[in-house]
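[1] Got a predicted model here, sequence first, then my questions.
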Amino acid sequence: MDESSFQAYEDEIQALEEEIRLLTEQYEDIQQEESTFFSNEEILESMKSFQDETEGHESLSDLKAQLESLERELSFLTAVTGFHFTSHSKKTVEKTKNGTVKKHRLSGKCYSLSFQLEFQLLETPNSEKVSAVVSDLSIIMDSREDSNVSKFVSSTEERGDLPTFFRGISTYAKWHEHRRCTFLHFKAKYPDIVTLPEGLLGDFIILRSPKVSGFELMIVWKIHLDEEGTTTPVLDLLPKIPEQVVEQRMTTVESIPGCFRSLLRLFGIEAAIENLIQVLDSEK
């Protein structure tokens, strides 16, 4: 064999070795990737479960009706809780005779609030059911800049308390959505009176009198979330009133914040704001 032929074989062998190396790296990356791929055992178990559930169905129409029913239930739960999950991935970290540890990643939105979760779940089978213990919980939220939310998230992470997280965020986000819709309603209904300096996602609105220059009422609407997941709306009124009006109606001016708090207790948020706007509109 001449030298050129030998070199050709050598080049081909090196090319094949390089290709094998690349394929090996790709395979290892796939094995390490956190994805929604399931193991063979999980696939077989899911198929068996599906077969068991469908044995009693007589036709495809029955399966379609069941699917539609499940979709309605999911839509109902989304409407009630506000949660919409956009992605979920998991991988098995450890598997022993005592249990299985799986790492989960979950992301979604609750109304307008986005979140990402990462945690490990230890599943331990027993004679009656599978118990699960959460550990290494990590939560990322856009609204964590709010000190109340930050404390709540930190407390939930330390305890690995997923139920409290979902319950607390659902109520907190629902109040945020309620505030946004309320601001939008009054801005659309009274565009000449209502101003939103920080937009619909801000925590206050300003009511400007169309008849008395410089007469403004700022309604501050905070949403407090404690470490146990309890949400409390906190509203107050800050008046900005011209000196001449103050001099003429000192007693009336001083009573405005107290009257607003009384309206809140008696009639609720929307009715209290509506009443203030009506008073401003009729003020001379």
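    Happy to help now that I have it.
[2] quick one: the helices in the stretch 1-150 of the chain?
    Per DSSP state H, counting those that start in this stretch, the stretch 1-150 of the chain carries helices over the ranges 3-32, 40-54, 60-81, 147-159.
[3] chain center to the last one: distance?
    Between the mean C-alpha point of helix 147-159 and the mean C-alpha point of its chain there is a distance of 15 Å (CA atoms, centre = their mean, to the nearest Å).
[4] now for that helix, which elements pack on it?
    In terms of contacts (3 or more CB pairs under 8 Å, 6 or more residues apart in numbering; DSSP states H and E), helix 147-159 is packed against strand 130-141, helix 162-189, strand 216-225. Just so you know, the C-beta spots here come from the backbone N, C-alpha and C atoms, and that holds for glycine as well.
[5] can you tell me which residues contact Phe186?
    By CB atoms under 8 Å, 6 or more residues apart in numbering, the contact list for Phe186 reads 194, 205, 273-274, 277.
[6] among the helices and strands packed on helix 147-159, which is nearest Thr81?
    helix 162-189 (4.9 Å; CB to CB).
[7] Okay, angle between the closest one and strand 130-141 too, please.
    40 degrees (axes from the mean of the first three to the mean of the last three CA atoms, to 10 degrees).
[8] which residues touch the helix or strand following helix 162-189?
    Later in the chain than helix 162-189, the nearest helix or strand by DSSP states H and E is strand 194-195. Contacts to strand 194-195, defined as CB under 8 Å, 6+ apart, come from residues 183, 186-187, 205-208, 277.
[9] Of the residues you listed, just the buried ones, PyMOL syntax please.
    Applying 16 or more other CB atoms under 10 Å to the contacts of strand 194-195, the buried members can be selected in PyMOL as follows:
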select buried, resi 183+186+187+205+207+208+277
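[10] Hmm, Leu217 is touching Leu280, no?
    Yes. Here Leu217 reaches Leu280: they are 7.0 Å apart, a contact under CB atoms under 8 Å.
[11] burial measure for the residue nearest to Asp192 when sequence neighbours are not counted, as a count.
    Of all residues not flanking Asp192 in the chain, Pro210 sits nearest, at 5.7 Å (CB to CB, 6 or more residues apart in numbering). Applying other CB atoms under 10 Å, we find 13 residues neighbouring Pro210.
[12] Export the contacts of strand 194-195 to JSON lines and append columns for distance to Tyr111 and pLDDT.
    Shown next, in JSON lines, are these (distance: CB to CB, whole Å; pLDDT from 0 to 100):
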{"residue": "Phe183", "distance to Tyr111": "14", "pLDDT": "96"}
{"residue": "Phe186", "distance to Tyr111": "19", "pLDDT": "96"}
{"residue": "Lys187", "distance to Tyr111": "19", "pLDDT": "95"}
{"residue": "Ile205", "distance to Tyr111": "19", "pLDDT": "95"}
{"residue": "Ile206", "distance to Tyr111": "24", "pLDDT": "94"}
{"residue": "Leu207", "distance to Tyr111": "26", "pLDDT": "93"}
{"residue": "Arg208", "distance to Tyr111": "29", "pLDDT": "91"}
{"residue": "Ile277", "distance to Tyr111": "26", "pLDDT": "90"}
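[13] Tell me which two of the contacts of strand 194-195 sit farthest apart.
    Phe183 and Arg208 (14.9 Å).
[14] related to what we said a few turns ago, adding distance to Asp161 and secondary structure, write the contacts of Phe186 out as JSON lines.
    Shown next, in JSON lines, are those (distance: CB to CB, whole Å; DSSP: H, G, I helix; E, B strand; the rest coil):
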{"residue": "Val194", "distance to Asp161": "40", "secondary structure": "strand"}
{"residue": "Ile205", "distance to Asp161": "35", "secondary structure": "strand"}
{"residue": "Ile273", "distance to Asp161": "36", "secondary structure": "helix"}
{"residue": "Glu274", "distance to Asp161": "39", "secondary structure": "helix"}
{"residue": "Ile277", "distance to Asp161": "42", "secondary structure": "helix"}
